[in-house]
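Colleague: return a 3D structure for these sequence lines:
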Amino acid sequence: MSIVKYLMGSWLLWGLMSCHLNDVTPSTIDEEITDYQGDFNQSYGSDPSQRYDIYYPYSTNQQPSEVLILLHGGAWGAGDKSFLLPTVRALMAQKKNLTIVNANYRLTSSKGIRLEQQLNDIKLLINHLHQKATNFNITTGAFAIGGVSAGGHLALEYAYARDTTRQIKGVVGIVAPTDLSSEPLRQTGLDLSIQQLLGTTFEQNPDAYYKASPFYAAKSTAPTTLLFYGGKDAVVPREQGELLKFKLTAMGVKHRYYFYPDETHDFTAELLADKIIALFAM
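Modeller: Numbering: from 1, shown residues only. Model prediction:
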């Protein structure tokens, strides 16, 4: 029996034997809201890159809102939260009781910043938001987190590998790399960016690439997952999503996989908003 067939069988058996149960708490996502308030360039750490914009709704019944953290793309070494303004606007247009946190994080183009520091930034931001829950009138429960491209990879990796205290209830990966060891992925032009992220080449340390890949980190206890991929994406092959979709299915993890044949790596924000909102009811 090949190792691939063995792993497929093992995942399927584990999925049938295991049932992932998210902590069930009533969602306030459908509470009527009257307006949005924005606070910009808020600090969650001492580094100038550790900043976020927060858009929080006014609920008619003053119910605490759900929270979605967004992480921008840019091959881990570039980019800015401003890249995701179209997504923020599309989400606000849904008029749901949802606070949107559009965050920057330290980039690998800065000395000493690698994957570990970026994942630490996510943890720091989540803890900061919990401390500010009363100020922003947000839930004190688990949040959702999502990102585009490199930001999607970070969101998935954090949710699958680092969220030991169950602070994440759902995760969204938009054109996200899920297997950094994949040669087709690295051949699209991301090889040097991944080397900078991990501080090594695949040939020197393949285990580092496996460890940094959401595909290998995913377990039956993973939070509800949404995946979005495009058929004309020249940066992240669709197989990156399909492989993770198969594993999540085999392990019985709640998920949705959305494939758009005509979408490129620059995903259309309007295609995402209603599906991301639906995450809070899954």
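
Colleague: quick one: the strands in the stretch 101-250 of the chain?
Modeller: For the stretch 101-250 of the chain, the strands defined by DSSP state E, counting those that start in this stretch cover 143-148, 168-174, 224-230.

Colleague: out of these, nearest to Gln195?
Modeller: Closest to Gln195 of the strands of the stretch 101-250 of the chain, according to C-beta to C-beta: strand 143-148, at 20.6 Å. Just so you know, the C-beta spots here come from the backbone N, C-alpha and C atoms, and that holds for glycine as well.

Colleague: let me see the mean pLDDT of that closest one.
Modeller: Averaging pLDDT along strand 143-148 yields 98.

Colleague: chain center to it, what's the gap?
Modeller: Remark: strand 143-148 is offset 4 Å from the chain centroid, using C-alpha atoms, centre = their mean, to the nearest Å.

Colleague: what is it packed up against?
Modeller: For strand 143-148, the elements it packs on are strand 66-71, helix 115-131, helix 150-157, strand 168-174, judged by 3 or more C-beta pairs under 8 Å, 6 or more residues apart in numbering; DSSP states H and E.

Colleague: ok, which stretches of this structure are helices?
Modeller: 3-17, 85-92, 115-131, 133-136, 150-157, 183-185, 191-198, 206-211, 214-217, 239-251, 273-278 (DSSP state H).

Colleague: deepest-packed of these, please.
Modeller: Burial of the helices of the chain is given as mean neighbour count (mean count of other C-beta atoms under 10 Å); helix 150-157 ranks first at a mean of 29.

Colleague: follow-up on the earlier one: so for Ala278, which of the strands of the stretch 101-250 of the chain sits nearest?
Modeller: Per C-beta to C-beta, nearest to Ala278 of those: strand 224-230, 8.5 Å.

Colleague: out of the strands of the stretch 101-250 of the chain, flag the one nearest Tyr257.
Modeller: Closest approach to Tyr257 among those (C-beta to C-beta): strand 224-230, 4.8 Å.

Colleague: which residues touch the closest one?
Modeller: 22, 146, 156, 159, 169-176, 236, 238, 240-242, 244-245, 248, 253-265, 267, 271-272, 275-276, 279, 282 (C-beta atoms under 8 Å, 6 or more residues apart in numbering).

Colleague: going by neighbour count, which of the residues you listed are buried?
Modeller: The neighbour-count test (16 or more other C-beta atoms under 10 Å) marks 22, 146, 156, 159, 169-176, 236, 238, 240-241, 244-245, 248, 253-258, 260, 263, 265, 267, 272, 276, 279 as buried among these.

Colleague: that older thread, turn the helices and strands packed on strand 143-148 into JSON lines, including distance to Lys96.
Modeller: As requested, these are exported to JSON lines (distance: least, C-beta to C-beta, whole Å):
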{"stretch": "strand 66-71", "distance to Lys96": "8"}
{"stretch": "helix 115-131", "distance to Lys96": "18"}
{"stretch": "helix 150-157", "distance to Lys96": "20"}
{"stretch": "strand 168-174", "distance to Lys96": "14"}
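
Colleague: closest to Phe202 out of those?
Modeller: Shortest distance between Phe202 and the helices and strands packed on strand 143-148, using C-beta to C-beta, is found for helix 115-131: 14.3 Å.

Colleague: so what secondary structure elements neighbour that closest one?
Modeller: Packed against helix 115-131 by the contact rule (3+ C-beta pairs under 8 Å, 6+ apart) you find strand 66-71, strand 98-103, strand 143-148, helix 150-157.

Colleague: so can I have JSON lines of the ones you listed showing distance to Thr28?
Modeller: As requested, these are exported to JSON lines (distance: least, C-beta to C-beta, whole Å):
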{"stretch": "strand 66-71", "distance to Thr28": "6"}
{"stretch": "strand 98-103", "distance to Thr28": "9"}
{"stretch": "strand 143-148", "distance to Thr28": "13"}
{"stretch": "helix 150-157", "distance to Thr28": "22"}
